[in-house]
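Novice: Just to be clear, the model below is a prediction. Sequence and coordinates:
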Amino acid sequence: MFITFEGGEGSGKTTLIEKLKHTLLEKQYDVLTTREPGGSKVAEKIRSVLLDNKNTEITAHTEALLFAASRAQHLDEVIIPNLDKIILCDRYIDSSFAYQAFGRNLGMEFVQSINSYALKYLPDLTFYIDLDPKTGIDRVKKNRLHKTDRLDMEVQTFHQKVREGYLHISEMFNDRIIVIDGNQTIDAIYQVILDNILRRL
Ligand code: TYD
């Protein structure tokens, strides 16, 4: 089962994925955790180009293509060979819809076309943790371990557009995307997600 986690900055995805992995492993499931951009050696190299806040000249189209390239590599090396396991993936194609199609105004058609390979491998289930961007960014700033990357540095209106994008695609793909209120405690969010996964296993 291929499960992805989506949300704006500071939505707590990483903590949730670790907790879920721990519980599912305890229940004897075969679990694999991974992330985008990255998740394999070459894809992590593309990630470092994308997130380096010195790379201010990357254009919106190049950015979208690099996210798609990292995804293609990650699909071939990590996702496709492990589809028999429970894959918990931190971000996937919906991030490109929200950030590039909506945040960068590139539109769904362009982003879908460059991600046509990934569209053949859509997740079985996607959890979108919805949070007001200001609350999320304040959380990220409080967490001193988090280094501010190129996309974290974007202005508030960009993150607002990303959220609107997520809400839009959650309706478009409501057979697969479950929207979760990110204002709840991490424990409450974790319980909702775990119940949903266990029901489908
Ligand atoms: P990361 O540190 O993994 O973010 P987070 O901890 O918020 O999940 O950085 C990934 C950044 O890349 C994040 O700002 C979202 C962005 N992104 C896109 O813009 N498009 C994409 O397709 C993906 C996968 C990520």
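Specialist: That came through, no problem.
Novice: Near the ligand, which residues of this structure are found?
Specialist: Within the chain, the positions adjacent to the ligand are 9, 13, 36-37, 51, 67, 90-91, 95-96, 99-100, 149, 151 by CB under 6 Å from any ligand atom. C-beta coordinates here come from the backbone N, C-alpha and C atoms, glycine included.
Novice: If you rank those residues by neighbours, which is first?
Specialist: Ranked by the number of neighbours (other CB atoms under 10 Å), the residues of the chain next to the ligand place Ser96 first, at 28 neighbours.
Novice: returning to that earlier point: dump the residues of the chain next to the ligand into a markdown table; add distance to Arg176, secondary structure and pLDDT as well.
Specialist: Shown next, in a markdown table, are the residues of the chain next to the ligand (distance: CB to CB, whole Å; DSSP: H, G, I helix; E, B strand; the rest coil; pLDDT from 0 to 100):
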| residue | distance to Arg176 | secondary structure | pLDDT |
| --- | --- | --- | --- |
| Glu9 | 23 | coil | 83 |
| Lys13 | 17 | helix | 95 |
| Glu36 | 17 | coil | 98 |
| Pro37 | 21 | coil | 97 |
| Leu51 | 27 | helix | 96 |
| Phe67 | 20 | helix | 98 |
| Asp90 | 17 | strand | 98 |
| Arg91 | 15 | coil | 98 |
| Ser95 | 14 | helix | 98 |
| Ser96 | 15 | helix | 98 |
| Tyr99 | 18 | helix | 97 |
| Gln100 | 19 | helix | 98 |
| Asp149 | 27 | coil | 88 |
| Leu151 | 24 | coil | 85 |
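Novice: now what about the longest helix along the chain, what contacts it?
Specialist: If you go by DSSP state H, the chain has its longest helix at helix 156-172. Residues from elsewhere that reach helix 156-172 (CB atoms under 8 Å, 6 or more residues apart in numbering): 6-9, 94, 97-99, 101-103, 105, 128, 130-134, 136-137, 177, 179.
Novice: Generate a PyMOL selection restricted to the buried subset of those.
Specialist: Burial among those is assessed by 16 or more other CB atoms under 10 Å; the matching PyMOL selection reads:
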select buried, resi 6+7+8+9+94+97+98+99+101+102+103+128+130+131+133+136+137+177+179
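Novice: With adjacent residues omitted, what lies nearest to Lys19?
Specialist: Among residues not flanking Lys19 along the chain, Tyr190 sits closest, at 5.3 Å (CB to CB, 6 or more residues apart in numbering).
Novice: and the one you found, that one's in a helix?
Specialist: Yes. Assessed by DSSP: H, G, I helix; E, B strand; the rest coil, Tyr190 belongs to a helix.
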